[in-house]
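S.K.: need coordinates for the below:
(chains A, B and C)
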Amino acid sequence: MDIKAGLLKGDKRAAARLITLAENGDEEAVRIIRECYHLTGKARIIGITGPPGAGKSTVTDRLAKLLRMQDKKVSIIAVDPTSPFTGGAILGDRVRMNDLSTDPGVFIRSMGTRGALGGLSKAAHDAVRILDIFGSDYIFIETVGVGQSEVDIVKLADTVVMVMVPGLGDDIQAIKAGIMEIGDVFSVNKSDREGAERTAVELEMMLDFNKSSDFRPEVINIVARDNQNVDKLLEAIEKHWEYLCTKSNYQDRKRNSIHTEIISLINQYIITSIQKNNHSNLIQSMVEKVLKKELDPYSAAIEILQSVPIITTVQHDN
Amino acid sequence: MDRPIRVVVAKPGLDGHDRGAKVVARALRDAGMEVIYTGLRQTPEQIVEAVIQEDADCLAMSILSGAHNHLFPKVVNMLKERGVEDVLVVGGGVIPEDDIPGLLEAGIAAIFTPGTPTSLTIDFITQNIKK
Amino acid sequence: MFDKQKAAEIKAAAEKWDNGVKSKLERQPERKLTFRTSSGMEIKRMYTPADIEGMDFNADLSNPAQYPYTRGVQPTMYRGRFWTMRQYAGFATAEESNNRYKYLLEQGQTGLSVAFDLPTQIGYDSDHDLSEGEVGKVGVAIDSLKDMETLFDGIPLDKVTTSMTINAPAAVLLAMYIAVAEKQGVSAEQLSGTIQNDILKEYIARGTYIFPVVPSMRLITNIFEYCSKSVPKWNTISISGYHIREAGSTAAQEVAFTLADGIAYVEAAIKAGLDVDDFAPRLSFFFNAHNDLLEEVSKYRAARRLWAKIMKERFQAKDPKSMMLRFHTQTGGSTLTAQQPDNNIIRVTIQTLAAVMGGTQSLHTNSKDEALALPTEDAVRVALRTQQIVAYESGVTETVDPLAGSYYVEAMTNDIEARAMEYINKIDDIGGAVKAIERGYIQKEIQDSAYKYQMEIESNERIVVGMNKFQIQEGSPKGLLRVDPAVGELQKQKLETLRNERDNNKVNAALEALKKAAQTDENLMPFIIDAVRTYATLGEICGILREVFGEYQQSVIL
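M.R.: Below you'll find the model as predicted:
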């Protein structure tokens, strides 16, 4: 299969295979993405996050359907946690998007967090690029909003939708620190449940209190299951996009995002170099030295870095 | 192999007995695989799309309603029509022994009937994936 | 049940005895370090009155047909008459199933039990795309009143009791049954039987749901209300633990989740304005029977006692009939093995004994070949004979609640009740069964048990004869029942003819009226009966309701 040609034609199999390669850290993936990098930047990237059980998949499903009615090409990356014990994962988000899966204008991909060292955020980043090149108008990244790697993922997005549910009570207090900076639009899903109004009011109050940005996120009560107010939610997402475009800080946001990506790639390359050059013995011996107090961990790290020829090992066949 | 095997677990047809599918899904996860669980009442079209978009190494289907002779080959044929030949397809459920040769011939690599230990399914998948 | 001093003496003696045994264990070890029931409850070496010292005979056991009904709901039980022997059957077309019913009635079966195919259970006609390959497979295909007329042809509906395993479209099939009876000249008041009508366990375990929770609960309460007035002898629901157990639950979970569902139905009906004593006497239950004989007997007894308390204390029911848990039993399909299928006959015998000593009102015994395919006529006969041998030859039927007073059985009855109550409290905390299902709590608990069970088999901690021990080389079993794939075509043709022959104006008018009613709070039963009479199909009726109600979406938690 000629993956690049397939991808450029909008072939789902090619896109799917390339995401696998990217996920597995295959250099072929990086090569193709580099070659097609100039084609990226056309898709709108929407992060969907929130606590487990908030109905993120259903919200994504309904938003995607609305966009399909406008004939937009939609891709969805659904991230679920990998078991730290076995490395396996059960990825169950397709269940709530079943009727989208046969829509020719929709591509859905499930990803496990796979743990280790920012690997997911790189893989998700690559997947977004691939689906951008593939020709998506909108790319949704759906992930549980806990943990650093998830936060990194949502940073990829132009607009981040926080999906909440009524009755979180004190939980809102507990997570507000994390969510206030991340969310661009807040939706209270399952708003046919008791306490929906209260949750919305609490969110509004917190948002009023938060003055870190001149954009004031909207709070939308929805019932995604019954398709209630999902159109309003989409409008709020679009409003945020208009804000980004007109208030010009969109470029800043992009700049930040590129900055973050480069830094994370540097990290990734260093780690890869160390692994590739089989420096595990060196690391191991450093561990022993630190254990015996012959050395401190700071010096050990510097010593390891000094012995790793980073530039020469990170090569792409140009 | 240093990457997880990706398996789509699907229930084609209308039967709602997903105990087996769920037990197998968990066992595969505990064996370090990434299991894409697609839920009940999957049409062959939906299953084929899931296999393609998820770039699965293996498709594991379960049917307890007796519709296996109709639905299993249909899925395999649709995969072939889409040019997907490198995915291992296995089936499970209440399937009479007499039906198994026909299903194997249709392109199902293995049929696991009630009483099959999950370890056997895991081993079969691990040893036979084509990618 | 013993005076305090006596109990203390017995306890001291038992402990002394146990210590004596323990001291010899090094030389004569037991087979296992701990012994557990099939559901994982730990079993002691020996039980004595000390294990049930807190029990009060009158409050906890009493006599048969007396509160709290631990010992049974009828005063004479099987001394009066045996349980209803009711083999679940149905396959292919209405014609073929009709023949099987007549055969079973000739063989001494006393009630009918109709199995429907999956398209019927999910409200699709045989010519729907999704029906492809499924028509007539796990039960009979019913598309319209025409098929129902054929199904019961020559079977007088005032003489048999009929149980129908139908849930999401239960209202439609009940309507058809009423309409067939009408044509036979039998009034609805005379009809006796059961519809399963238990949607909550479909969401939990069985998977043949159609509509979302709220309209589904409405259809159920509509049926309660309609039947309490017009079909008074009908069991309007069979609240089912059977499938919960099949999905892998423990015995205590089976009781807990079934009764939690029961509580949800009672609450929904009361909320809809019904008086508890108007509908509660028509609630019936449906449990599984597994191989752990004494655990199962204890399970039925615990369920009866717990339900009686719930109805009396929680819902203030006044009518004793509201407090009586009547139940159907089916032997456990998941306990059957595909290996050495003859062994299944013995399993079914043990399970039959469990159900009978547990006081069931009716029983289906599985056939030995059901891990392989639908049962053949011969296999079904052996299964029915199993019941008849237990009834006529075993002697366990000659007294009521024969295992009462066994220290072990009473202790385990208490234990299962306590564990079930713990779950029910937890579900109450979540906000009831509906919420617990929506959150996937109940499903998760069952799946955990199922996975544990499977792993125990794979590690040989749990032995299943013929499967992970005492295996043999076997040839493939012969003579399995096969449903002719042509059934699908045949049903399609019948539908086409029907659609040409019936008065489609009448059909459309009836469907339109149903649609309007569905958008209001009216009871839908009369509208569904009207639609059925015009030969509107099941798929058309459910299609209209799908339009108004939408469809349920599975919540997967693995």
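S.K.: so who does the residue of the stretch 251-400 of chain C found nearest chain A touch?
M.R.: In the stretch 251-400 of chain C, the residue that lies nearest chain A is C:K271 (15.3 Å; CB to the nearest CB). (Glycine included, C-beta is placed from N, CA and C.) By CB atoms under 8 Å, 6 or more residues apart in numbering or on different chains, the contact list for C:K271 is empty.
S.K.: what segments of chain B are helices?
M.R.: B:19-30, B:44-53, B:68-81, B:100-105, B:118-128 (DSSP state H).
S.K.: for chain A, which of those helices is the nearest?
M.R.: helix B:19-30 (3.7 Å).
S.K.: tell me which strands and helices that closest one is in contact with?
M.R.: strand A:89-91, strand B:6-10, strand B:34-37, strand B:58-63, strand B:88-93, helix B:118-128, helix C:441-458 (3 or more CB pairs under 8 Å, 6 or more residues apart in numbering or on different chains; DSSP states H and E).
S.K.: quick one, the fourth one and helix B:118-128 angle?
M.R.: Orientation of strand B:58-63 against helix B:118-128 (axes from the mean of the first three to the mean of the last three CA atoms, to 10 degrees) gives an angle of 140 degrees.
S.K.: kindly report the same for the fifth one.
M.R.: When the same axes, to 10 degrees is applied, the directions of strand B:88-93 and helix B:118-128 differ by 160 degrees.
S.K.: now the longest one
M.R.: What separates the directions of helix C:441-458 and helix B:118-128 is an angle of 80 degrees, with the same axes, to 10 degrees.
S.K.: same question, the second one
M.R.: Between strand B:6-10 and helix B:118-128, the angle comes out at 130 degrees (the same axes, to 10 degrees).
S.K.: strands paired with strand B:6-10, and their directions?
M.R.: As defined by DSSP bridges, the strand partners of strand B:6-10 come to strand B:34-37 (parallel), strand B:58-63 (parallel).
S.K.: just those: most buried one?
M.R.: Highest mean neighbour count of the strands paired with strand B:6-10: strand B:34-37, a mean of 29 (counted as mean count of other CB atoms under 10 Å in any protein chain shown).
S.K.: just grab the bridge partners of the most centrally placed residue in chain B for me.
M.R.: Nearest to the mean C-alpha position of chain B, by CA atoms, centre = their mean, lies B:A60 at 1.4 Å. According to DSSP bridges, the residues that bridge with B:A60 are B:V9, B:V90.
S.K.: quick one: it and B:A27 touch, right?
M.R.: No - counting by CB atoms under 8 Å, B:A60 stays clear of B:A27, with 10.7 Å between them.
S.K.: between the two, what contacts are shared?
M.R.: B:T121.
S.K.: residue in the stretch 351-500 of chain C nearest to chain B?
M.R.: C:S476 (3.5 Å).
S.K.: number of nearby residues for the residue lying closest to that residue once chain neighbours are set aside?
M.R.: Closest residue in space to C:S476, ignoring its immediate chain neighbours: B:E97 at 3.5 Å, by CB to CB, 6 or more residues apart in numbering or on different chains. Counted with other CB atoms under 10 Å in any protein chain shown, residues neighbouring B:E97 total 17.
S.K.: and B:E97, how far from C:G136?
M.R.: Distance of B:E97 to C:G136, given as CB to CB, to the nearest Å: 22 Å.
S.K.: the biggest helix by length in chain C packs against which elements?
M.R.: As assigned by DSSP H, the longest helix anywhere in chain C is helix C:407-430. Judged by 3+ CB pairs under 8 Å, 6+ apart, the packing partners of helix C:407-430 are helix C:251-271, helix C:293-309, helix C:433-438, helix C:441-458.
S.K.: just how off-centre is the last one within its chain?
M.R.: This points to helix C:441-458. Between the centre of helix C:441-458 and the centre of its chain there are 20 Å (CA atoms, centre = their mean, to the nearest Å).
S.K.: what about it and chain B, touching?
M.R.: Yes - Helix C:441-458 comes into contact with chain B (CB under 8 Å from any CB of the partner chain), by way of C:447, C:450-451, C:454, C:457-458.
S.K.: the residue in chain B that chain C sits nearest to and C:E202, how far apart?
M.R.: Distances between chain B and chain C by CB to the nearest CB are smallest at B:G16, namely 1.5 Å. B:G16 sits 7 Å away from C:E202, going by CB to CB.
S.K.: again with A:R109
M.R.: From A:R109 to C:E202 the distance is 31 Å (CB to CB).
S.K.: do A:E23 as well
M.R.: Taken as CB to CB, the span from A:E23 to C:E202 is 37 Å.
S.K.: how about C:I220?
M.R.: From C:I220 to C:E202 the distance is 11 Å (CB to CB).
S.K.: what do you get for B:R29?
M.R.: B:R29 is 26 Å from C:E202, by CB to CB.
S.K.: swap in C:Y209?
M.R.: Counting by CB to CB - C:Y209 and C:E202 are separated by 4 Å.
S.K.: great, nothing more from me.
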